[in-house]
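# model this:
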Amino acid sequence: LQLVESGGALVQPGGSLNLSCVASGFTLHYYAVGWFRQAPGKEREEVSCISMRGVNTRYEESVKDRFTISRENAKNTVFLQMNSLKLEDTGVYYCAVYADHHGIDRLCPGADGMNRWGSGTQVTVSA
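As a prediction, the model looks like this:
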């Protein structure tokens, strides 16, 4: 059972990246999926979350209107499109899943409540 993130890179301010989170060994369809990031010296924070069917989404205030989360359950993949990147977006980006046992399109319960994590992908925004 594994989550694998990809798409992180070094990018200039104002640039774009599209992160991917692919699940293997289990079906992503039954899970809410969150993207979290951790900057050096800071706690891990939720950036965005999408419910199991994609009906509900949530964004951290600083990324609203710049980041878009989406999912393709048929491909067992969740994406995070990041536009207009800023220096403060730098960090390791992790995807994590939360089992929606009742199938009611719940959003992520916070980092401590997530069931499984990927190993992260580095995003560096620098001039």
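# CA atoms only: put the helix or strand that Glu46 is a member of into PDB for me.
Assigned by DSSP states H and E, Glu46 belongs to strand 45-50. What follows is strand 45-50, C-alpha atoms only, in PDB (Å, rounded to 0.1, in the frame of the first residue of the first chain):
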ATOM      1  CA  GLU A  45       0.100  22.300   7.300                       C
ATOM      2  CA  GLU A  46      -2.800  21.300   5.000                       C
ATOM      3  CA  VAL A  47      -2.700  23.100   1.700                       C
ATOM      4  CA  SER A  48      -5.800  21.500   0.100                       C
ATOM      5  CA  CYS A  49      -8.200  18.600   0.400                       C
ATOM      6  CA  ILE A  50     -10.700  16.900  -1.900                       C
END
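# what comes into contact with that strand?
Applying CB atoms under 8 Å, 6 or more residues apart in numbering, the external contacts of strand 45-50 come out as 32-38, 56-60, 63, 67, 69-71, 78, 80, 93, 107-108, 110-111. C-betas here are computed from N, CA, C, even on glycine.
# of those residues, grab the buried ones for ChimeraX.
This is how ChimeraX selects the buried members of those, with burial counted by 16 or more other CB atoms under 10 Å:
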select :32,33,34,35,36,37,58,59,63,67,69,71,78,80,93,107,108,111
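# the spatially most central residue of the chain sits in which helix or strand?
In the chain, the centroid-proximal residue (CA atoms, centre = their mean) is Trp35; its distance is 2.0 Å. Per DSSP H and E, Trp35 falls inside strand 31-38.
# which elements pack onto that strand?
Applying 3 or more CB pairs under 8 Å, 6 or more residues apart in numbering; DSSP states H and E, we find strand 31-38 packed against strand 17-24, strand 45-50, strand 67-72, strand 77-82, strand 91-99.
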